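Visitor: Next input, structure requested:
(chains A and B)
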Amino acid sequence: MSAGAIATDAPRGEPPLPVAHQFDDAAQQADAASLGMWLFLATEILFFGVLFFAYAVARARFPDAFAAASRHTNLLLGTTNTAVLLTSSFTMALAVHAAGARRMRAAALLLTLTAAIGVAFAAIKLTEYALDYRGHLVPVVNFAFDPRYAQGALLFFWLYFVTTGAHLVHLSIGVAIALTFAWRCARRAPGRLPEQVETAGLYWHFVDLVWIFLYPCLYLVART
Amino acid sequence: MKLPRPYVFTWLALLTLLAMTTGSAFVPLGRFNVVVNLAIALVKALLVVFVFMHVRRGSPMIRVFAVAGVLWLCLLAGLSLTDLATRG
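Guide: Numbering: from 1, shown residues only, chains lettered A, B, ... in the order given. Purely as a prediction, here's the structure:
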């Protein structure tokens, strides 16, 4: 197997990574760990993909209503949150890098920072939900919209809450994972932590990927 | 700790692309607004996948798995469209 996705050769003077008996070497073991996470992410692509497909079909059917509805989303908070999440992916990439270099204290700090930025994202998102509620945009609860567009706009906001809600659940799980590994990095010898932090990073970046596509679909439909 | 440069550049590129996509949304381009927005989203996604998710230096097997997810989605969406597109 080719070179692993993470630095699997311990720096000089450090003990090598423990390798489970079913693997030839540490590189193969690290590859297998990443591969497992990628397999899970492939199922996640299908999970979110079907929502994007529903969005595309509904938008093709109700283009004007989707434009009108999108103008009621909060562009400032949505854009801020996109920047926040992209930054969290950056700090997560640094955490994975630090763990790969066996700098476990730095990795613990960066994972905690990533989780904190994730919490900031969630706080902004919940603020936005509160504003959506005040704007009478929550389906079933208090939805009220220009009757010309009400049918399509209702679909838009169903998709808005289901996609951002599912995203928020994924993000919360990511925060829990980041904090768990921050705790382990701070307290334990590296062991298999470098490859575990790598898989946690893959999951975190995937959550970022989903948002990268949600942002233009929800917030930028018709701003001109 | 020295900051790994590729990550810093990727982060800056992602924020620049975000500014571009938000800015482009205010320029009236008609149908091309959605094209520009999706193209920029795709570039951002590829940056994250190749640099942050290490697909650039990952094993070929990981690339196959990553592509397989997208491929299945395209298959399912494509087959669903054959139904939607041919309904009376």
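Visitor: Now do the contacts for residue B:63.
Guide: By CB atoms under 8 Å, 6 or more residues apart in numbering or on different chains, the contact set of residue B:63 is residue B:55. No exception for glycine: its C-beta is placed from N, CA and C like everyone else's.
Visitor: thinking residue A:161 is in contact with residue A:141, fair?
Guide: No. Contact between residue A:161 and residue A:141 fails when scored by CB atoms under 8 Å: they sit 9.8 Å apart.
Visitor: between the two, who's got more neighbours?
Guide: For residue A:161 versus residue A:141, neighbours defined as other CB atoms under 10 Å in any protein chain shown are more numerous around residue A:161 (18 against 10).
Visitor: distance of the more buried one from residue A:138?
Guide: Computed as CB to CB, to the nearest Å, the residue A:161 to residue A:138 distance reads 7 Å.
Visitor: With adjacent residues omitted, what lies nearest to the residue of chain A found nearest chain B?
Guide: At 3.2 Å from chain B, residue A:42 is the closest residue in chain A, using CB to the nearest CB. Nearest-residue entry for residue A:42: residue B:69, 3.2 Å, with adjacent residues in sequence omitted and distances by CB to CB, 6 or more residues apart in numbering or on different chains.
Visitor: How about residue A:202?
Guide: residue A:37 (4.6 Å).
Visitor: Please state the mean pLDDT value computed over the strand or helix carrying that neighbour.
Guide: For residue A:37, the host element (DSSP states H and E) is helix A:26-61. For helix A:26-61, mean pLDDT rounds to 93.
Visitor: try stretch B:20-40
Guide: According to the model, stretch B:20-40 has a mean pLDDT of 92.
Visitor: And it, what's buried?
Guide: B:21, B:22, B:24, B:25, B:33, B:34, B:36, B:37, B:40 (16 or more other CB atoms under 10 Å in any protein chain shown).
Visitor: Same question for stretch A:133-152.
Guide: A:137, A:138, A:139, A:145, A:149, A:152.
Visitor: Run through the chain and note the low-pLDDT ranges.
Guide: Here I'm looking at chain A. A:1-17 (pLDDT under 70).
Visitor: think we crossed wires, I meant chain B
Guide: Looking at chain B by pLDDT under 70, you get B:1, B:88.
Visitor: in it, what residue is nearest chain A?
Guide: Closest point on chain B to chain A, by CB to the nearest CB, is residue B:69, at 3.2 Å.
Visitor: Go ahead and list the helix or strand containing that residue.
Guide: Counting by DSSP H and E, residue B:69 is part of helix B:60-85.
Visitor: Contacts only, for the residue nearest to residue A:88 when sequence neighbours are not counted.
Guide: Nearest non-adjacent residue to residue A:88, counting by CB to CB, 6+ apart: residue A:117, 3.9 Å away. Contact analysis of residue A:117 by CB under 8 Å, 6+ apart lists A:84, A:85, A:87, A:88, A:91.
Visitor: Check residue A:84 too.
Guide: A:117, A:120, A:121, A:124.
Visitor: Top of those residues by number of neighbours, please.
Guide: Most crowded among these, counting by other CB under 10 Å, is residue A:121 at 26 neighbours.
Visitor: Can you give me the distance of that one to residue A:95?
Guide: 16 Å.
Visitor: domain assignment for chain B?
Guide: B:1-57, B:59-88 (automatic domain parsing).
Visitor: could I get those domains as TSV with distance to residue A:48?
Guide: Listed next are those as TSV, based on distance: least, CB to CB, whole Å:
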stretch	distance to residue A:48
domain B:1-57	12
domain B:59-88	9
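Visitor: looking at these, which is buried most?
Guide: For the domains of chain B, average neighbour numbers computed from mean count of other CB atoms under 10 Å in any protein chain shown are highest in domain B:1-57, which has a mean of 16.
Visitor: about what we covered before: okay if I get the buried residues of stretch A:133-152 as a markdown table plus secondary structure?
Guide: Putting the buried residues of stretch A:133-152 into a markdown table (DSSP: H, G, I helix; E, B strand; the rest coil) gives the following:
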| residue | secondary structure |
| --- | --- |
| A:137 | coil |
| A:138 | coil |
| A:139 | coil |
| A:145 | coil |
| A:149 | coil |
| A:152 | helix |
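Visitor: Pick the one among those closest to residue A:61.
Guide: residue A:152 (7.3 Å; CB to CB).
Visitor: what sits against the closest one?
Guide: A:58, A:61, A:62, A:64, A:65, A:66, A:68, A:69.
Visitor: Could you tell me which of those count as buried?
Guide: A:58, A:62, A:65, A:66, A:68, A:69.
Visitor: Isn't the last one up against residue A:148?
Guide: Yep, that's residue A:69 we're talking about. No. Using CB under 8 Å, residue A:69 is not in contact with residue A:148; the gap is 11.6 Å.
Visitor: and residue B:27, helix, strand or coil?
Guide: coil.
Visitor: what's the nearest residue to it if we skip its chain neighbours?
Guide: residue A:224 (6.8 Å).
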